[in-house]
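S.K.: Prediction below, plus the sequence it came from.
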Amino acid sequence: MKKKVKYVIAGTAAAAVTAALIAVWVMITQTKVSNAVARVYQNGTLLQTIDLEAVQESYTFTIEGSNGAYNTVLVEPGQISVTEASCPDKVCISQGKISDGVLPITCLPNGIVIQIETGNTANSALDGMTR
């Protein structure tokens, strides 16, 4: 009888912890990014700064590099992505749309980096690991 009670208590505790973790994950992923600004770099040089909150209609632009290299960037309200590229592996395209500063879009063969900074990270010298 005592073993059953221990298993019930342990199962209930595990379910409660799992539910709490899921709730925290949902709250974190559903948080709207404020003051999202995309910065587009080529070979370390800032090419464009785009306020993603101010974008009303989608548009594209092309970044041209050396030897015919290019990346076509799609800017949409609140997000940005690379839709076409001359690089052989197309990792920049498969990274998809980004809308927060978690991961940048990078195209190493063409030297392109698209980084989103938010109101929380734009003026901060510390990253999430050092806070």
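M.R.: Noted; the coordinates are in hand. Computed from a prediction, not measured in an experiment: that's the story for all the values here.
S.K.: Go ahead and confirm D100 touches T118.
M.R.: Yes - using CB atoms under 8 Å, D100 is in contact with T118, at 6.7 Å. Quick note: C-beta positions are derived from backbone N, CA and C, even for glycine.
S.K.: Would you mark the buried spots in stretch 76-91?
M.R.: The neighbour-count check on stretch 76-91 (16 or more other CB atoms under 10 Å) flags Q79, I80, S81, V82, A85, S86, C87 as buried.
S.K.: Farthest-apart pair in those residues, please.
M.R.: Greatest spatial distance among the buried residues of stretch 76-91 (CB to CB): Q79 and S86, at 22.7 Å.
S.K.: so where's this structure shaky on pLDDT?
M.R.: Along the chain, the parts satisfying pLDDT under 70 run over 1, 27-34, 119-131.
S.K.: Any chance of the backbone angles for G101?
M.R.: Main-chain dihedrals, G101, degrees, to the nearest 10: phi -90, psi 20.
S.K.: Please apply the same query to S99.
M.R.: Here is the backbone geometry of S99 (degrees, to the nearest 10): phi -140, psi 0.
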